[in-house]
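Undergrad: next one to model:
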Amino acid sequence: MAQYAYQKFVAAAKPNDPQAQSALWETYQIQRDRKDYEGAVATLSQIRSAPNVDADLVMESYYRESEVRLTAGRPDESLSVWEKMRGMKPAGSQYRLQALIKLGEAYEKAGDNASAADVYDDLAKTGPKDTAKAAAARAAVLRKSSGGVKPDARKSAPRQTPDVDGQVPPEGGRTQVMPSDEEKPKAVKKAPAKSSAKGRRGAERAKPTNAEPALPGMSE
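TA: Residues are numbered from 1 along each chain as shown. Here you go, the predicted model:
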């Protein structure tokens, strides 16, 4: 009933109505909780298609989509979303950076160290200090293990999408860039913050309850 009420409100809302965006986020969360993964992905697409949506919100919607696809047991689709985010801006978005970390980890688990090193090189250029330092070090190790292949030497070769499902993570379930999930602090519930983005000024947006990406070296 709640999902229907939110969807009905969105359908009747005027363009740029900030409350409609809040209703969409609530709809997405309900769909995800009910394991309606296709519906959740469709709602995220609707969120980022809204008029005057800000770039970081678009980035978040893609990151949440990757989570949904991973939860649905489709890791290759999640990898495709992370690859898409790699070419998006703002480059310093926490959602893009976390996507790069997950993308690098996926390539490592698939044994594609050269591709993982490329991703970590990107992370080293755009991430916060501590993350950038760790990413650069990991890229150097991986590139050495793959014979020192540089990105330019592989431009003409098509990149194969690795099968990341069922692979055993290196080093006890983690990479050198990020700690394991068990070591990450539990998400702290936050009250909805007022947005200052164009088209949503002064409006409260309901945030998903999923933990936001936490990157080493990022200020709280």
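Undergrad: next one, pLDDT for Val204 please.
TA: Slight slip there: residue 204 is Glu, not Val. Glu204 is assigned 41 on the pLDDT scale.
Undergrad: no, scratch that, I was asking about Gln167
TA: We note a pLDDT of 40 for Gln167 in this prediction.
Undergrad: ok, now Ala50?
TA: What the model reports as pLDDT for Ala50 is 83.
Undergrad: burial check on Pro51, number of neighbours?
TA: 8 (other C-beta atoms under 10 Å). In this view, the C-beta of every residue, glycine as well, is placed from N, C-alpha and C.
Undergrad: could you measure from Leu57 over to Glu83?
TA: 20 Å (C-beta to C-beta, to the nearest Å).
Undergrad: do the same with Ala42
TA: Plainly put, Ala42 is 21 Å away from Glu83 if you go by C-beta to C-beta.
Undergrad: those two: which has the busier surroundings?
TA: When Ala42 and Glu83 are compared for neighbours, Glu83 comes out ahead with 17 against 14, by other C-beta under 10 Å.
Undergrad: with adjacent residues omitted, what lies nearest to that one?
TA: Distance criterion C-beta to C-beta, 6 or more residues apart in numbering; nearest residue to Glu83, sequence neighbours excluded, is Leu103 at 6.5 Å.
Undergrad: quick one: that neighbour and Lys84 touch, right?
TA: No - proximity of Leu103 to Lys84 does not meet the contact threshold set by C-beta atoms under 8 Å, at 10.2 Å.
Undergrad: tell me how many other residues crowd Lys89.
TA: 12.
Undergrad: secondary structure element for it?
TA: Element membership of Lys89, judged by DSSP states H and E, is empty: it is in no helix or strand.
Undergrad: correct me if wrong: it contacts Asp56.
TA: No - Lys89 lies out of contact with Asp56 (C-beta under 8 Å); the separation is 9.8 Å.
Undergrad: what ranges do the helices span in this protein?
TA: In order along the chain, the chain carries the following helices (DSSP state H): 2-12, 18-33, 37-48, 55-71, 75-86, 94-109, 113-126, 129-145.
Undergrad: winner for burial among those?
TA: Per residue and on average, the most neighbours among those fall to helix 94-109, with a mean of 25 (mean count of other C-beta atoms under 10 Å).
Undergrad: and that one, what other elements does it pack with?
TA: Contact partners of helix 94-109 among helices and strands, from 3 or more C-beta pairs under 8 Å, 6 or more residues apart in numbering; DSSP states H and E: helix 55-71, helix 75-86, helix 113-126, helix 129-145.
Undergrad: that helix vs helix 129-145, what angle?
TA: 20 degrees (axes from the mean of the first three to the mean of the last three C-alpha atoms, to 10 degrees).
Undergrad: avg pLDDT for helix 94-109?
TA: If you average the pLDDT values across helix 94-109, you get 96.
Undergrad: kindly format the C-alpha coordinates of it as PDB.
TA: Listed next in PDB are the C-alpha coordinates belonging to helix 94-109 (Å, rounded to 0.1, in the frame of the first residue of the first chain):
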ATOM      1  CA  GLN A  94      32.400   9.300  -3.100                       C
ATOM      2  CA  TYR A  95      30.100   7.000  -5.100                       C
ATOM      3  CA  ARG A  96      32.400   7.000  -8.100                       C
ATOM      4  CA  LEU A  97      35.400   6.400  -6.000                       C
ATOM      5  CA  GLN A  98      33.800   3.500  -4.200                       C
ATOM      6  CA  ALA A  99      32.700   2.100  -7.500                       C
ATOM      7  CA  LEU A 100      36.400   2.200  -8.700                       C
ATOM      8  CA  ILE A 101      37.400   0.300  -5.600                       C
ATOM      9  CA  LYS A 102      34.800  -2.400  -6.200                       C
ATOM     10  CA  LEU A 103      35.700  -2.500  -9.900                       C
ATOM     11  CA  GLY A 104      39.400  -3.000  -9.000                       C
ATOM     12  CA  GLU A 105      38.500  -5.700  -6.500                       C
ATOM     13  CA  ALA A 106      36.400  -7.500  -9.100                       C
ATOM     14  CA  TYR A 107      39.200  -7.500 -11.600                       C
ATOM     15  CA  GLU A 108      41.600  -8.800  -9.000                       C
ATOM     16  CA  LYS A 109      39.300 -11.600  -8.000                       C
END
